[in-house]
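Student: coords please:
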Amino acid sequence: MPDAQPLGSAIAAPGALASASASASAHSKRNSRVINLLVVSTFVVILNETIMGVAIPHLMTDLRITAVAAQWLTTAFLLTMAVVIPITGFLLKRFHTRGIFLTAMSLFSTGTLLAAVAPGFDVLVVARVVQASGTAIMLPLLITTVMQLEPAATRGRRMGSISIVIAVAPAIGPTISGLILSTFSWRYMFFFVLPVALGALWMGWRHIENVTEPTRSPIDILSIVLSALGFGGVVFGLSQLGDSTEGDVSLATSGAIAVGAICLALFGWRQVALQKVDNALLDLRVFRTPTFTVSVAMFMILMVSLFGSLILLPLFMQGVLGFTVLQSGLVILPGGLVMGLLAPFVGKAYDRIGPRPLLIPGAVIVASVLWSFTAILTPGMLTWQLVAAHVTLSVGLALMFTPLFSASLGSLPPRLYAYGSATMTTLQQVAAAAGTALFIAIMSGVALTQTESGASDAVAQATGIQAAFAIGAVLATLAIGAAFFVRPPADSPHGAGAQHEAGARHEAMPSRGATSEDGKPEAAVTH
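Tutor: Numbers count the residues shown, from 1 in each chain. Coordinates of the predicted model:
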């Protein structure tokens, strides 16, 4: 019967469509579960990056160490991050998602437990190194996974979650540690984090699936050595420079920066050579994409502004206004919460309108607040004024983080996602160290000059902090111009691909009154 085949096809079609729809729904739920677990886990490990600074006085007393020795707990953490992060691009392409996650969270949990029960300073330093090894892997893993699993049309709202991890976790870390230390021993900073880390590890072991296909490629040992010496030397030198409050630079500090810069130049030369055979440890072809390059430059300016303010504002509150550590942390807390609350809305707005309508006003707000800091940070400043200024700065930063993440990585081809996320995370560490070093060096130099001129300690420090924020304001002003050059990715609803598709639809539409050969109006062509 001639009608039997069409009838069978008609009956089978709804069942096939339903099956395909159910499969797509299950796939989407799996992806969401994986990404949400990664977001929570990464927030926990990044939060741990900034909790030690407030605890240094307690550690000096309990462990009977000097301030210089205690600072190594932060320096060792940053050094490990700088060494491990550049390698993550290779690791993410070489191994499965599940294995990398379990390894990273196991390292972090082990380091956290070891730190909580550390009998002395040496063991505590080792624990921080183990923690940092896991932390360094998590953020590139999260970013790369989002880029691979999330459709371009909804990528902005997912990147909003990453903005919470990047910006909010470091901002509230000192406040949380201050609250803990006001009641408990410094060990409880790790005891409180440990159950959350173990819970994330257990949930990941149960629910995280392999969502990527690894590719086998050899690893270049020379690249690892050059990367470790290069990024490690620069971050170490900058962190030591940032810890200097007397304006002096030791031979070890300048030597570390010089050796690091030379090794980075050799590392770059090595990667360019290895790229020709697709064997680079960190593929630098990501910088051939203009939007990625501009976005990374703006992102580094943001990190300088964020970490510079996280260092200078507490110094201002404690040294000039006479606040306690806990009070200064509570003043900064609202800004961090505002960034977290705005991130999802900024992500949705990015999906609707693209990057520039968010980046340009965000850059203007950040630059304006930093310029205002050069005038309003005086010994007579009121607390509410400082809270209002910092919250406004946080609004500007929130408007920029998500669009920069989404536009920069979205502009790359998928095969470079892992390298792009590793590059951005590495430069984040360098920018944070550079921002701290730059702001502290300027503040110290100007304050020393003011003191020699007869100014009081409070006035001298306030003047030095104003001068430091002036440099940050200049950098943020440059970011306003750069924001005009950030374009939406081609596969986004506002990118070149969408515009091309819209143009194709327009060309396919018939002109008014057009008819076909049989005299009936022509139907519009749809895609």
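
Student: residue ranges with poor pLDDT in the stretch 301-450 of the chain?
Tutor: For the stretch 301-450 of the chain, no stretch is flagged by pLDDT under 70.

Student: where along it do the helices fall?
Tutor: Here the stretch 301-450 of the chain has its helices, by DSSP state H, counting those that start in this stretch, at 325-353, 356-376, 383-410, 417-452.

Student: try the stretch 1-150 of the chain
Tutor: Using DSSP H, counting those that start in this stretch, helices in the stretch 1-150 of the chain cover 4-47, 52-63, 67-94, 97-116, 121-149.

Student: the last one packs against which elements?
Tutor: In other words, helix 121-149. Where contact means 3 or more CB pairs under 8 Å, 6 or more residues apart in numbering; DSSP states H and E, helix 121-149 is packed against helix 4-47, helix 52-63, helix 67-94, helix 97-116, helix 155-163, helix 383-410, helix 417-452. C-beta coordinates here come from the backbone N, C-alpha and C atoms, glycine included.

Student: neighbours of the closest residue to residue 81 other than its chain neighbours, how many?
Tutor: Distances taken as CB to CB, 6 or more residues apart in numbering place residue 136 nearest to residue 81, at 4.7 Å, with adjacent residues excluded. Look at residue 136: counted by other CB atoms under 10 Å, it has 28 neighbours.

Student: before we move on, what about residue 69?
Tutor: For residue 69, using other CB under 10 Å, the count is 15.

Student: I'd say it and residue 122 touch.
Tutor: No - the criterion here is CB atoms under 8 Å, and residue 69 misses it with residue 122 at 10.2 Å.

Student: one step back: let's have the helices of the stretch 1-150 of the chain in a markdown table, adding distance to residue 252 and mean pLDDT.
Tutor: Output for the helices of the stretch 1-150 of the chain, formatted as a markdown table (distance: least, CB to CB, whole Å; pLDDT from 0 to 100):
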| stretch | distance to residue 252 | mean pLDDT |
| --- | --- | --- |
| helix 4-47 | 29 | 68 |
| helix 52-63 | 21 | 78 |
| helix 67-94 | 12 | 80 |
| helix 97-116 | 26 | 93 |
| helix 121-149 | 18 | 89 |
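
Student: follow-up on the earlier one: tell me the contacts of the residue nearest to residue 81?
Tutor: 80, 81, 83, 84, 85, 88, 425 (CB atoms under 8 Å, 6 or more residues apart in numbering).

Student: for residue 414, state which of those residues is nearest.
Tutor: Nearest to residue 414 among the contacts of residue 136: residue 88, at 16.7 Å, using CB to CB.

Student: measure residue 145 to residue 481 for me?
Tutor: For residue 145, the distance to residue 481 equals 33 Å [CB to CB, to the nearest Å].

Student: looking at those two, which one has more neighbours?
Tutor: residue 145 (26 against 10).

Student: the more buried one against residue 98, yeah?
Tutor: No - between residue 145 and residue 98 there is no contact, the gap being 11.0 Å when judged by CB under 8 Å.

Student: if I look at the two, which residues touch both of them?
Tutor: Joint contacts of residue 145 and residue 98 (CB under 8 Å, 6+ apart) do not exist.

Student: quick one: the helices in the stretch 151-300 of the chain?
Tutor: For the stretch 151-300 of the chain, applying DSSP H, counting those that start in this stretch gives helices covering 155-163, 169-181, 188-207, 221-243, 251-275, 290-319.

Student: deepest of the ones you listed, which one?
Tutor: Mean neighbour count (mean count of other CB atoms under 10 Å) peaks for helix 155-163 among the helices of the stretch 151-300 of the chain, with a mean of 26.

Student: state the pLDDT value of residue 296.
Tutor: For residue 296, the pLDDT comes out at 90.

Student: give me the pLDDT for the one residue sitting closest to the centre of the chain.
Tutor: The chain has residue 166 as the residue nearest its centroid, 3.9 Å off, counting by CA atoms, centre = their mean. Among the per-residue scores, residue 166 holds a pLDDT of 72.

Student: thought residue 138 was touching residue 43?
Tutor: No - with contacts counted by CB under 8 Å, residue 138 stays clear of residue 43, the gap being 9.4 Å.

Student: quick one: which of those two has more around it?
Tutor: Ranked by neighbour count (other CB under 10 Å), residue 138 and residue 43 place residue 138 first, with 26 against 22.

Student: tell me the spacing between the more buried one and residue 482.
Tutor: The spacing between residue 138 and residue 482, counted by CB to CB, is 29 Å.

Student: give me the neighbour count for residue 456.
Tutor: 12.

Student: leaving out the residues flanking it, which one is nearest to residue 295?
Tutor: Closest residue to residue 295 apart from its sequence neighbours, by CB to CB, 6+ apart: residue 408 at 3.4 Å.

Student: give me the number of residues near that neighbour?
Tutor: 28.

Student: hang on, it packs against residue 299?
Tutor: Yes - here residue 408 reaches residue 299: they are 7.1 Å apart, a contact under CB under 8 Å.

Student: so which of the helices of the stretch 151-300 of the chain comes closest to residue 65?
Tutor: helix 221-243 (14.8 Å).

Student: which secondary structure elements does that closest one contact?
Tutor: By 3+ CB pairs under 8 Å, 6+ apart, helix 221-243 packs against helix 67-94, helix 251-275, helix 417-452.

Student: which one of these lies closest to residue 334?
Tutor: Proximity to residue 334 (CB to CB) singles out helix 417-452 among the helices and strands packed on helix 221-243, at 21.6 Å.

Student: report the buried residues of that closest one.
Tutor: By neighbour count on 16 or more other CB atoms under 10 Å, the buried set for helix 417-452 is 417-444, 446-448, 450-451.

Student: run a quick neighbour tally on the closest residue to residue 210 other than its chain neighbours.
Tutor: Spatial nearest neighbour of residue 210, excluding adjacent residues (CB to CB, 6+ apart): residue 96 at 4.3 Å. By the criterion of other CB under 10 Å, residue 96 has 16 neighbours.

Student: residue 96 and residue 369: what is the separation?
Tutor: Distance from residue 96 to residue 369, by CB to CB: 44 Å.

Student: ok, residue 64 next?
Tutor: 42 Å.

Student: these two: which has the busier surroundings?
Tutor: The neighbour comparison of residue 64 against residue 369 (other CB under 10 Å) goes to residue 369, with 26 against 10.

Student: show me what contacts the residue nearest to that one when sequence neighbours are not counted?
Tutor: Leaving out its chain neighbours, the residue that sits closest to residue 369 by CB to CB, 6+ apart is residue 393, at 4.2 Å. By CB under 8 Å, 6+ apart, residue 393 lies in contact with 305, 309, 335, 365, 366, 369, 370.

Student: and if we set it to 7 Å?
Tutor: 309, 335, 366, 369 (CB atoms under 7 Å, 6 or more residues apart in numbering).

Student: tell me which two in those are the farthest apart.
Tutor: Largest pairwise distance in the contacts of residue 393, by CB to CB, is 12.1 Å, between 335 and 366.

Student: confirm for me that residue 303 is in contact with residue 436.
Tutor: No - between residue 303 and residue 436 there is no contact under CB atoms under 7 Å: 10.1 Å.

Student: what's the distance between the spatially closest residue to residue 406 that is not a sequence neighbour and residue 30?
Tutor: What sits nearest to residue 406 in space, not counting adjacent residues and going by CB to CB, 6+ apart, is residue 159, at 4.4 Å. Distance check for residue 159 against residue 30: by CB to CB, it reads 20 Å.

Student: also residue 310?
Tutor: Residue 310 sits 37 Å away from residue 30, going by CB to CB.

Student: now do residue 270
Tutor: 38 Å.

Student: also residue 445?
Tutor: Applying CB to CB, the value for residue 445 to residue 30 is 55 Å.

Student: please apply the same query to residue 353.
Tutor: Residue 353 is 30 Å from residue 30, where distance means CB to CB.

Student: next one: residue 79
Tutor: Counting by CB to CB, the gap from residue 79 to residue 30 is 37 Å.

Student: which one of those two is surrounded by more residues?
Tutor: residue 79 (23 against 15).

Student: who are the contact partners of that one?
Tutor: 232, 235, 236.

Student: residue 477: which of the residues you listed is nearest?
Tutor: Using CB to CB, the contacts of residue 79 come closest to residue 477 at residue 235, 26.4 Å.
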